[in-house]
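>>> Next one to model:
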Amino acid sequence: MSKPQHEIAIALVRRDDRWLVARRRRDKHMGGLWEFPGGKRLPDETAAQAALRELREECGVCAAAQGVLEAVTWEYADRTVHITPVMCRWEAGSFAADGL
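As a prediction, the model looks like this:
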């Protein structure tokens, strides 16, 4: 039986000398760990669109995509994820203390 495959986009947002990161919810896969904001791509959604959508939903931050980096694949015991990093420029919004 093959493992589920997930297409993930993450937003790499730098402001001054700090990177925006968030802590995963404890009830999720890899809960409690720090990560760049992001999530699963919706059907017909580009990596940049997904990263910006997830950034707004998770962190309340509006940004502009500036470039898409090469995707990397990571194998977990129960799933495979294809992660596409998107370089973003912060434009507006505020974030919790766990963020930037």
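>>> Walking through this protein, point out its helices one by one.
Counting by DSSP state H, the chain has helices at residues 47-59.
>>> By average pLDDT, which secondary structure element in the chain comes out worst?
When the helices and strands of the chain are compared on mean pLDDT, DSSP states H and E, strand 22-23 comes out lowest with a mean of 84.
>>> What pairs with it, parallel or antiparallel?
Sheet pairing of strand 22-23 (DSSP bridges) gives strand 34-35 (antiparallel).
>>> what's in contact with the strand it pairs with?
10, 21-24 (Cβ atoms under 8 Å, 6 or more residues apart in numbering). Yep, even glycine has a C-beta here, placed from its N, CA and C like the rest.
>>> So how do I select the buried members of these in ChimeraX?
Here is the ChimeraX command that selects only those of the contacts of strand 34-35 that count as buried (16 or more other Cβ atoms under 10 Å):
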select :10,21,22
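>>> what's the most distant pair in the contacts of strand 34-35?
Spanning the widest gap among the contacts of strand 34-35 are 10 and 23, at 14.4 Å by Cβ to Cβ.
>>> now, which of the contacts of strand 34-35 sits nearest residue 59?
Closest approach to residue 59 among the contacts of strand 34-35 (Cβ to Cβ): residue 22, at 6.2 Å.
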